[in-house]
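Q: I would like the atomic coordinates for the input below:
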Amino acid sequence: MARRYSKSAGKEVEREMRRYKKGKAKSGKGGKGGKVKSRKQAIAIGLSKARKKGDKVPKKRRKSRKKSPRKSRKK
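A: Okay, the predicted model is just below:
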């Protein structure tokens, strides 16, 4: 079975996790979004950087909305 993520993408995530553990990881453009507080966010940032670099990373999953009947609004 083929690798889903390239080794270099894994290294990028590893690098971002180290930054997160040291408390240096920032979110947003230019780090203006504040400090990264969760592991999941740090991993997402690492994958995003790898994607921008052109590494082999699967596309982002699209959020699917559950189809439920619309409720009529009362006036």
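Q: could you use CA atoms for every contact and neighbour count after this?
A: OK.
Q: apart from its chain neighbours, what residue comes closest to Lys26?
A: Lys35 (4.6 Å; Cα to Cα, 6 or more residues apart in numbering).
Q: which residues does that neighbour contact?
A: Contact analysis of Lys35 by Cα atoms under 8 Å, 6 or more residues apart in numbering lists Gly23, Lys24, Ala25, Lys26, Ser27.
Q: now, among those residues, which is nearest to Lys52?
A: Here the nearest of these to Lys52, counting by Cα to Cα, is Ser27; it sits at 15.4 Å.
Q: which stretch of helix or strand covers the residue nearest to the closest one when sequence neighbours are not counted?
A: Leaving aside its chain neighbours, Ser27 sits nearest to Gly33 (4.8 Å; criterion: Cα to Cα, 6+ apart). Using DSSP states H and E, Gly33 falls within no helix or strand.
Q: can you get me a residue count around Gly33?
A: 10 (other Cα atoms under 10 Å).
Q: use 302 as the first number from now on
A: Noted, 302 is the first residue going forward, which turns the last one into Gly334.
Q: for Ala326, see how far away it is.
A: 10 Å (Cα to Cα, to the nearest Å).
Q: can you check Arg304 too?
A: Arg304 is 27 Å from Ala326, by Cα to Cα.
Q: compare neighbour counts for those two and give me the winner.
A: Taking neighbours as other Cα under 10 Å, Arg304 and Ala326 compare with Ala326 leading, 19 against 8.
Q: what's the closest residue to that one other than its chain neighbours sitting at in phi/psi?
A: Sequence neighbours aside, Arg320 is the residue nearest to Ala326 in space, at 5.1 Å (criterion: Cα to Cα, 6+ apart). Phi and psi for Arg320, reported as degrees, to the nearest 10, are phi -60, psi -40.
Q: so Arg320 touches Lys338, yeah?
A: No - using Cα atoms under 8 Å, Arg320 is not in contact with Lys338; the gap is 11.5 Å.
Q: now the common contact residues for the two.
A: Common neighbours of Arg320 and Lys338 (Cα under 8 Å, 6+ apart) do not exist.
Q: and the helix or strand hosting Lys312, average pLDDT?
A: Element membership of Lys312, judged by DSSP H and E, is helix 308-323. For helix 308-323, the mean per-residue pLDDT is 94.
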